[in-house]
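> any chance you can model this:
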Amino acid sequence: MVINTISKFCKLAVIPLLLGFPIAVVAYRLNLWSMGVSFQLIKYTGYVSIAVFLIAILVALFALFKKQNNVAKTCAVVAVLLAIPVVGLSMQAAKGKSLPFLHQVSTDTVNLPAFDAIIALRGEKSNPLDYDREKLEPLQQAAYPAVKPIVSALNVKQAFTKAVNTAMSLGWEVVAKNQATGTIEAVETTSLWAFKDDIAIRIQMTDNGSSKIDLRSISRVGGTDLGANAERIKKFITLFTHH
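Residues are numbered from 1 along each chain as shown. Here you go, the predicted model:
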């Protein structure tokens, strides 16, 4: 019967669909192919998962109506398993739509903290360091109003030391630090994809002798960061100001 054939197809499709995401991550981390290929694999795995998920539900309901309990159970299990990639894709899509298309964020959008030592590490295929203020500043301010400079009662020397310690506490790799210029450069490697994102920290003295700390975080790859850079800066701000 057709219903049994469809049920078998759904059952056979489960394993490759569940393996789509882990294969994409592992292959990228092993440099077997580019991030673009991995993202395409995830996207189409997600689309097919949604289709099979819906088919499995419909077949399960039809099988129950026809009192074909074994087929109904098989399709129900398929639907439950495929709910994993379906929900995951849906959540990522919803997050992507709710956030601006940014791959860099800065607490100072007029005079951004600059990169120096990290430039040589970024590679030719990395996102450019240019900042289109007219386009990006309104997007950042609307989405991440909490991303603002830290104004600290500490003097510049004390703030510099605390900034270095804060960066290290967050697991960032401090690539360069210059107390004379008040600049720190660091790299954070993301846990899942092993993406390398770059951070510039600048400490300046204010008119009253206290310090102002600015941060800039930029992803090396990807058109959008899904909020990762803003979240990184907010974590630094929280740790710096509350410890």
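> may I see the buried residues of the helix or strand of the chain with the lowest mean pLDDT?
One helix or strand of the chain scores below all others by mean pLDDT, DSSP states H and E: helix 69-98, with a mean of 87. Buried residues in helix 69-98, defined by neighbour count with 16 or more other C-beta atoms under 10 Å: 71-72, 74-76, 78-79, 81-82, 85-86, 89. In this view, the C-beta of every residue, glycine as well, is placed from N, C-alpha and C.
> what does stretch 95-107 contact?
For stretch 95-107, the external contacting residues (C-beta atoms under 8 Å, 6 or more residues apart in numbering) are 112-113, 127, 131, 136, 139-140, 142-144, 147-150, 213-219, 222-227, 229-230, 233.
> oh sorry, the question was meant for stretch 175-182
For stretch 175-182, the surrounding residues in contact (C-beta under 8 Å, 6+ apart) are 116-118, 121, 156-157, 160, 164, 183-187, 202-204.
> so for that stretch, mean pLDDT?
The average pLDDT for stretch 175-182 rounds to 97.
> check which residues of it are buried.
Within stretch 175-182, the residues scored as buried using 16+ other C-beta under 10 Å are 175, 177, 182.
> as TSV, those with distance to Thr5 and secondary structure would be great.
Formatted as TSV, these follow (distance: C-beta to C-beta, whole Å; DSSP: H, G, I helix; E, B strand; the rest coil):
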residue	distance to Thr5	secondary structure
Val175	58	strand
Lys177	65	strand
Gly182	69	coil
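> pick the one among the residues you listed closest to His243.
Lys177 (19.1 Å; C-beta to C-beta).
> tell me what the closest one is bridged to.
Beta bridges link Lys177 to Ile184, judged by DSSP bridges.
> Ala146 versus that one, what's the distance?
Here Lys177 is placed at a distance of 26 Å from Ala146 (C-beta to C-beta, to the nearest Å).
> for Ile6, give me the pLDDT.
87.
> my read is that it contacts Val59, right?
Yes - between Ile6 and Val59 there is a contact under C-beta atoms under 8 Å: 5.4 Å.
> more neighbours: which of the two?
Val59 (25 against 19; other C-beta atoms under 10 Å).
> mind listing what's buried along stretch 14-24?
Of the residues in stretch 14-24, 14, 17-18, 20-21, 23-24 count as buried by neighbour count, 16+ other C-beta under 10 Å.
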